[in-house]
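Novice: Here you go, sequence then predicted model.
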Amino acid sequence: MKIAIAGSGAMGSRFGYMLQQSGNDVTLLDLWPEHIAAINDKGLSVETNGKQQFVQIPAAFPKDVHDHYDLILLFTKAMQLEDMLQKISHLLDKETAILCLSNGIGNLETIQKFAPKSPLLVGTTLWTSELVGPGSVILNGSGYIEFQSIENVSHETLTAINDTLAEAQLNPRESDNVLLSIWKKACLNSVLNSFCTLLDCKVMDLNKSEYVATLKDKVVLEFQDVAKAKGIPLTEKLALTTINAALAPDQAGDHYPSMHQDIASGRRTEIDYLNGAIAVMGRELGIPTPANELITELIHAREEVTLK
Ligand SMILES: NC(=O)C1=CN([C@@H]2O[C@H](COP(=O)(O)OP(=O)(O)OC[C@H]3O[C@@H](n4cnc5c(N)ncnc54)[C@H](OP(=O)(O)O)[C@@H]3O)[C@@H](O)[C@H]2O)C=CC1
Ligand SMILES: CC(C)(CO)C(=O)C(=O)O
């Protein structure tokens, strides 16, 4: 398959690397000049289990590519999605499928607004990756993808994308309720990402504190209430099972979540698409969400004191 990764940071680079290794023609698209230059000069530096290799994958700014792609994998931060969709608009047509696996609530609606005619698939992933500098990623642990086609996707396209992800060992699973998958993942991120960012720890360290367990329940129960009002069958039990499974070191445990990485490099976070989205919807629906509200404010405060 000819694949462009739109947003080739930590996760886009991981997926681009794995998809290229399994025989696809991959191009990494991004907006960070030093990152593109480093990949084109030396190759993408990929460190796995302490071993570093340099992998040749073409990288470019979106404006500089004009090929037809079978698949565009969107992997920006939620707040960069709209801008990226505008910058790749010349690449979008009825024959180019879009798959978005970024974290957060609201990405689907943004893509539908900016790419209404595209074959569209969305989902979530529990793979992890760390961008340690321009052109350099560290890949640890294992993961999987939950995804579903939303509109304009033929059976052949769906099968081809599923097979391509499976051949790249990305462990795709078709979801029969992708909104539930997205909310379940957003709930997980609203615990793991926000807590690790506030506590300055790895995912697996959250197991060490009784206070974390209590706070986690509060966040999850508020998610459950808002989800129910929105018709999404996210239960406390389902959310907690997913969160607790991700704490294992061979899953996401031995990892600083992406939000922690944002703060460490002085950038804004996706908080408004996670705990913040629940706080806003809770206000609109008249459902109390004090834990998610406070966490959102604390993360915004953290952004303001660390922003470069
Ligand atoms: N990292 C992870 O382990 C996981 C992440 N996710 C999700 O995947 C999506 C993509 O996240 P992720 O890959 O982590 O995003 P990254 O932060 O690695 O990359 C996003 C973009 O941020 C900019 N950027 C990143 N680092 C720097 C830097 N040091 N200096 C300047 N600009 C920088 C670049 O774009 P630009 O130049 O346009 O700003 C980059 O393409 C998010 O929704 C995230 O929540 C999901 C599962 C795991
Ligand atoms: C890997 C995981 C699940 C950790 O919270 C994640 O989605 C992230 O880092 O954004």
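Specialist: On my side now, so go ahead. Ligands and ions are numbered 1, 2, ... in the order given.
Novice: and residue 167, what is it in contact with?
Specialist: Counting by CB atoms under 8 Å, 6 or more residues apart in numbering, residue 167 touches 22, 23. Heads up, the C-betas are built off the backbone N, CA and C, glycines and all.
Novice: Return the residues of the stretch 101-250 of the chain in contact with ligand 2.
Specialist: When proximity is defined by CB under 6 Å from any ligand atom, the stretch 101-250 of the chain lies next to ligand 2 at 103, 126, 128, 188, 189, 192, 193, 203, 246.
Novice: can you rerun that using 5 Å?
Specialist: Residues of the stretch 101-250 of the chain lying close to ligand 2 by CB under 5 Å from any ligand atom are 128, 192, 193.
Novice: quick one: which of those is nearest to ligand 1?
Specialist: Using CB to the nearest ligand atom, residue 128 comes nearest to ligand 1 of those, at 3.7 Å.
Novice: Count the residues that sit near the nearest residue to the closest one once chain neighbours are set aside.
Specialist: Distance criterion CB to CB, 6 or more residues apart in numbering; nearest residue to residue 128, sequence neighbours excluded, is residue 255 at 4.5 Å. Neighbours of residue 255 under the rule other CB atoms under 10 Å: 22.
Novice: Would you agree residue 255 is in contact with residue 203?
Specialist: Yes. Residue 255 is within contact range of residue 203, at 5.5 Å (criterion: CB atoms under 8 Å).
Novice: do you know how far the residue nearest to residue 128 is from ligand 1?
Specialist: Going from residue 255 to ligand 1 by CB to the nearest ligand atom, to the nearest Å gives 6 Å.
Novice: Check for me that that residue belongs to a strand.
Specialist: No. Counting by DSSP: H, G, I helix; E, B strand; the rest coil, residue 255 is not part of a strand but coil.
Novice: measure the residue in the chain positioned nearest to ligand 1 to residue 30 for me?
Specialist: Nearest residue of the chain to ligand 1, counting by CB to the nearest ligand atom: residue 9, 1.9 Å away. Using CB to CB, to the nearest Å, residue 9 is found at 7 Å from residue 30.
Novice: for the nearest residue to residue 48 once chain neighbours are set aside, what are its contacts?
Specialist: Using CB to CB, 6+ apart and skipping the chain neighbours, the partner closest in space to residue 48 is residue 139 (5.0 Å). Residues near residue 139 by CB under 8 Å, 6+ apart: 14, 17, 46, 47, 48, 128, 129, 130.
Novice: From what I see, residue 27 and residue 66 are in contact.
Specialist: No. Contact between residue 27 and residue 66 fails when scored by CB under 8 Å: they sit 11.2 Å apart.
Novice: quick one, which of those two is more surrounded?
Specialist: A count of neighbours by other CB under 10 Å puts residue 27 above the other of residue 27 and residue 66, at 20 against 7.
Novice: Only the buried residues of whichever helix or strand that one is part of, if you could.
Specialist: Assigned by DSSP states H and E, residue 27 belongs to strand 25-29. Residues 26, 27, 28, 29 are the ones in strand 25-29 that count as buried (16 or more other CB atoms under 10 Å).
Novice: how deep is the closest residue to the third one other than its chain neighbours tucked in, by neighbour count?
Specialist: Closest residue in space to residue 28, ignoring its immediate chain neighbours: residue 8 at 3.7 Å, by CB to CB, 6+ apart. Residues contacting residue 8 under the criterion other CB under 10 Å number 33.
Novice: So is stretch 95-110 next to ligand 1?
Specialist: Yes. Residues of stretch 95-110 contacting ligand 1 under CB under 5 Å from any ligand atom: 102, 103.
Novice: Any figure for the gap between residue 193 and residue 268?
Specialist: Taking CB to CB, one finds residue 193 at 13 Å from residue 268.
Novice: Neighbour count for the two, which is higher?
Specialist: A direct count of neighbours by other CB under 10 Å for residue 193 and residue 268 places residue 193 higher, at 26 against 17.
Novice: residue contacts, the spatially most central residue of the chain?
Specialist: Centroid-nearest residue in the chain, with CA atoms, centre = their mean: residue 102, separated by 2.9 Å. With contact taken as CB under 8 Å, 6+ apart, residue 102 is in contact with 7, 11, 74, 75, 76, 77, 78, 81.
Novice: how about the residues of the stretch 101-250 of the chain next to ligand 2 in a markdown table, adding secondary structure?
Specialist: Shown next, in a markdown table, are those (three-state DSSP):
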| residue | secondary structure |
| --- | --- |
| 128 | coil |
| 192 | helix |
| 193 | helix |
